[in-house]
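[1] Got a sequence here, can you model it:
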Amino acid sequence: MLKRNFIQSVGNTPLIYLDSLSRKTGCEIYGKAEFMNPGGSVKDRAALGMIEDAEARGLLKKGGTIIEATAGNTGIGLALIGNIKGYKVKLFVPSNQSKEKVDTLRGMGAEVILIPPAPYPSPENYRIIAGEVAKREGAFFINQFENESNYLSHYRTTGPEIWEQTDHQVTGFACAIGSGGTLAGVSLFLKEKNSEIQIGCVDPAGSAMNNYFNRGVAEVSPGDSITEGIGQGAVTANVRPCRVDQCHQLGDEVIVNMVHYIVKQEGIFLGSSSGANLCAAYLLAKKMGPGNQIVTILCDSGQKYVSKIYNSEFLSSRNLTITGDESSVFPILDARV
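    Residues are numbered from 1 along each chain as shown. So this is what the prediction gives:
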């Protein structure tokens, strides 16, 4: 189908049948190939939705400046769409994100300010700093964590696409939480279509979502995960609408081993957040039992993480043993079922 520009190319990504996970669970497990969006990730959807919502409300006009706090992928979407629409884009990024993502953002023309990691709501947190700078400079602060047009973009696009692509037969959906927009929008839409659809989540160490969904308390867990783009320390406007039936917290080793396993078995080269999503889908499938149809999100490509999760020296520095073998993934996950 002919597309006139970048914006028209966002969304309508295919579902990919994941044979290796399906065989192990007796379910049909599919990954929605969000790495095929034009900016290379699921965040293109939210970036477009948040910009168009701001335009419709008169908060953003051509020639204006967009400011955002981002781990990278939302920033890529904002930078590319900003180029098309004539906005300057200034991004505040945690300094522990991969060099590939930072170089990509700068190559796309965005101004990137690296901020040392600090917990939210510390005054040194990148989100707090971005908001203060936006106020001072009179720029539009996207604020993806609190901007409800984030989750609504998935409610209007990702959820309906999954529903139609599975011929209304989907029985489970699973993914991790970054800003919360994907899980909130998709879970809300699917639950409205069929309240029996089960929703699963995986949370990395150092985040609060596992405690929030299982105990009702947004208490940050111990740990310092290397996963990028997921892990949330507060209950935000894009977390509150989430409909979650089960949530597990997993360490980096099983998450990273999952992406190494999938590239070996399926030939799909993914980032670490996709590893968490695949673990979430497997755990949900094992809980629900054979015969179910489960969808997860393949967020982005592994090309942005070659220097980290595909780099043996970096992994060794974090004391992670990564083989991508079945024994490094499934016994750990099965123990959680």
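[2] tell me the phi and psi of His201?
    For the record, residue 201 is Cys, not His. Phi and psi for Cys201, reported as degrees, to the nearest 10, are phi -140, psi 150.
[3] beta partners of it?
    Applying DSSP bridges to Cys201 gives these bridge partners: Cys247.
[4] Tell me the spacing between it and Gln265.
    Note on Cys201: its distance to Gln265, by CB to CB, to the nearest Å, is 23 Å. For the C-beta atoms, the positions are set from N, CA and C on the backbone; glycine is no exception.
[5] Give the other helices and strands that the longest helix anywhere in the chain contacts.
    As assigned by DSSP state H, the longest helix anywhere in the chain is helix 272-288. On a contact count with 3 or more CB pairs under 8 Å, 6 or more residues apart in numbering; DSSP states H and E, helix 272-288 meets helix 19-25, strand 28-33, strand 172-174, strand 198-204, strand 246-250, helix 252-266, strand 293-298, helix 330-334.
[6] Would you map the strands across this structure?
    With DSSP state E as the criterion, the chain has strands at 15-17, 28-33, 65-69, 88-94, 111-115, 140-141, 172-174, 198-204, 246-250, 293-298.
[7] What is the neighbour count of Glu6?
    For residue 6 the amino acid is Phe, not Glu. Per other CB atoms under 10 Å, the neighbour tally for Phe6 reads 17.
[8] how about the nearest residue to it, chain neighbours excluded?
    Leaving out its chain neighbours, the residue that sits closest to Phe6 by CB to CB, 6 or more residues apart in numbering is Pro38, at 5.1 Å.
[9] do the same with Lys135
    Closest to Lys135 by CB to CB, 6+ apart is Phe141, at 7.6 Å.
[10] Distance of Ala208 relative to Gly223?
    For Ala208 relative to Gly223 (CB to CB), the value is 11 Å.
[11] Of those two, which one has the most company?
    Between Ala208 and Gly223, counted using other CB under 10 Å, Ala208 has the larger neighbour count: 21 against 13.
[12] what sits against that one?
    Ala218, Glu219, Val220, Ser221, Gln232, Gly233, Ala234, Val235 (CB atoms under 8 Å, 6 or more residues apart in numbering).
[13] top of those by neighbour count?
    Result: Gln232 is most packed of these (other CB under 10 Å), 23 neighbours.
[14] what's the most distant pair in the contacts of Ala208?
    Ser221 and Val235 (14.5 Å; CB to CB).
[15] What sits closest to Val217 if chain neighbours are left out?
    Asn211 (5.5 Å).
[16] pretty sure Pro160 contacts Val186?
    No: assessed by CB atoms under 8 Å, Pro160 is found out of contact with Val186, at 9.5 Å.
[17] neighbour-wise, which of the two wins?
    Val186 (31 against 17).
[18] Run through the residues that contact the more buried one.
    Counted by CB under 8 Å, 6+ apart, Val186 has contacts His154, Tyr155, Thr158, Gly159, Ile162, Phe173, Cys175.
[19] will you turn the contacts of Ala208 into TSV that also has distance to Arg23 and pLDDT?
    Listed next are those as TSV, based on distance: CB to CB, whole Å; pLDDT from 0 to 100:
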residue	distance to Arg23	pLDDT
Ala218	37	90
Glu219	37	92
Val220	37	91
Ser221	32	91
Gln232	32	90
Gly233	37	89
Ala234	39	89
Val235	37	95
